[in-house]
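In: coords below, sequence missing:
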């Protein structure tokens, strides 16, 4: 017969067992999170890399290469190739849009269409929207999927294409955003898990779409700023179901959002012409906002400690340092930490590297460096030798920076307050996509090929 004391002893034992189990589960979760952070640091899982600053904290990429030097592999690709390769483990993921030449006779031929700015025409042929996975060691194709085949509803700038957004992986799933052609999720072996049609965007002047997806804590963020109703939408990364969606008072912009945790809330920071906004990832509430950028915002925000840096360079120049602790509308207030109005990029995103903020002017090879804390100019609009035009965003690792021009020239610069050229490398191919870094490898995507460059490949 049980006594009250024996029941009490049993209750205590059960409680101790429960507490031990909870502690064990918490420890396992912590170890898993630490393991993921370490793995992420060793890869290039999203646009702008593991830190979302353009810097790899672990990579040791090569310094010199050429057509016959340090090319580990080179693979021909279909499509123009503007999106950045994504690296995870032994796999390289790329997106492409390939013209099949299959004509819809009901649509006007390009030559019969009215004249548009930049000579842009609307397609009358079907495109295959392709997801491609290559072996990181050899470049051999592991798998490919045609996400969808259809005729795009509008055109794009001659230097853009229909697959300009970069994919992203969280280590479990691959998220591929083709804009108006749809959103597709695969496992890393190429099995489709879900897909969504989020409707058509209508970009001003039909310049094309290009904002990349971001995943954080099981939530997928999609920003669509265009000439009709712009939106931000957050989906369940596992199922694709919409969790919340908010309208945005914005026109054309292509800046990929920055998502981060700060003081118990997860902020989704979006840069655009009317306002820089910080949304609460949980429910879409606007935490703070600030005006001050120019039109057609394309560079993505970068964060260091408790400050976010946003910039733009179309029809004017602007770079702003804003506190993550802000609330409400801080436009034209003392809450803005500092602001500059010269030498900022139109297309390329900045490189934030250990307290120094590097960027080019407009789409030119003119280089500026600011002290990120004070905004003081460290290097002012200095000509990059051999670079006249660039869309690619700079990347950094091992105390070096890699700046790629559209003609295939890449400068390797020392991370320094002075312009110190370590090496000049050239591949004979047009390059608009930004580089990716992982391990001892550098990945460059041109209009026709993707290159894996590594020191041990020297012949």
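Out: Yep, that arrived. Quick caveat, the model's predicted, so the values are computed rather than measured.
In: point out where the stretch 1-150 of the chain drops to low pLDDT.
Out: Applying pLDDT under 70 to the stretch 1-150 of the chain flags residues 1-12, 14-36.
In: can you give me the strands for it?
Out: Assigned strands in the stretch 1-150 of the chain, in chain order: 71-76, 86-88, 91-103, 125-135, 141-150 (criterion: DSSP state E, counting those that start in this stretch).
In: point to the residue nearest the middle of this protein.
Out: Geometric centre of the chain, nearest residue: residue 47, 2.4 Å, by C-alpha atoms, centre = their mean.
In: one step back: pipe the strands of the stretch 1-150 of the chain into JSON lines and attach distance to residue 280 and mean neighbour count per row.
Out: In this view, the C-beta of every residue, glycine as well, is placed from N, C-alpha and C. Shown next, in JSON lines, are the strands of the stretch 1-150 of the chain (distance: least, C-beta to C-beta, whole Å; neighbours: other C-beta atoms under 10 Å):
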{"stretch": "strand 71-76", "distance to residue 280": "42", "mean neighbour count": "17"}
{"stretch": "strand 86-88", "distance to residue 280": "27", "mean neighbour count": "26"}
{"stretch": "strand 91-103", "distance to residue 280": "30", "mean neighbour count": "19"}
{"stretch": "strand 125-135", "distance to residue 280": "31", "mean neighbour count": "20"}
{"stretch": "strand 141-150", "distance to residue 280": "31", "mean neighbour count": "15"}
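In: list the contacts for the residue nearest to the centre of the chain?
Out: The neighbours of residue 47, taking C-beta atoms under 8 Å, 6 or more residues apart in numbering as the test, are 84, 165-166, 168, 212, 256, 300, 434.
In: is residue 289 in a bridge, and if so with what?
Out: Judged by DSSP bridges, the bridge partners of residue 289 are residue 277, residue 329.
In: touching, it and residue 276? I think so.
Out: Yes: judged on C-beta atoms under 8 Å, residue 289 makes contact with residue 276 at a distance of 6.5 Å.
In: more neighbours: those two, which one.
Out: Neighbours were counted for residue 289 and for residue 276 using other C-beta atoms under 10 Å; residue 276 has more, 25 against 19.
In: was I right about the more buried one contacting residue 320?
Out: Yes: under the criterion of C-beta under 8 Å, residue 276 makes contact with residue 320 at 7.3 Å.
In: now for these two: what residues contact both?
Out: 290, 292-293, 310.
In: so who does the closest residue in space to residue 417 that isn't next to it in sequence touch?
Out: Closest residue in space to residue 417, ignoring its immediate chain neighbours: residue 378 at 4.5 Å, by C-beta to C-beta, 6 or more residues apart in numbering. Residue 378 is in contact with 356, 369-371, 417, counting by C-beta under 8 Å, 6+ apart.
In: among those, name the ones in helices.
Out: Among the contacts of residue 378, none falls in helices (DSSP state H).
In: highest neighbour count among the residues you listed?
Out: Counting by other C-beta under 10 Å, top hit in the contacts of residue 378: residue 370 with 25 neighbours.
In: ok, now how distant is the spatially closest residue to it that is not a sequence neighbour from residue 380?
Out: In space, and not counting its chain neighbours, residue 370 is closest to residue 357: 4.6 Å by C-beta to C-beta, 6+ apart. Computed as C-beta to C-beta, to the nearest Å, the residue 357 to residue 380 distance reads 13 Å.
In: quickly list what residue 304 is bridged to.
Out: residue 307.
In: what about it, distance to residue 200?
Out: Look at residue 304 and residue 200: by C-beta to C-beta, they are 37 Å apart.
In: ok, residue 166 next?
Out: 21 Å.
In: higher neighbour count, these two?
Out: residue 166 (28 against 16).
In: from residue 125, how far out is the residue nearest to residue 126 when sequence neighbours are not counted?
Out: Of all residues not flanking residue 126 in the chain, residue 102 sits nearest, at 4.3 Å (C-beta to C-beta, 6+ apart). From residue 102 across to residue 125, the span is 6 Å (C-beta to C-beta).
In: hmm, who's touching the host helix or strand of residue 311?
Out: For residue 311, the host element (DSSP states H and E) is strand 307-312. Strand 307-312 is touched from outside by 255, 258, 269, 271, 273, 276, 293-299, 301-303, 318-324, 337, 344-346, 350, 352, 357, 359, 372-373, with contacts defined as C-beta under 8 Å, 6+ apart.
In: please pick the buried ones from these.
Out: Those of the contacts of strand 307-312 that meet the buried threshold are 255, 258, 269, 271, 273, 276, 293-299, 301-303, 318-324, 337, 344-346, 350, 352, 357, 359, 372, by 16 or more other C-beta atoms under 10 Å.
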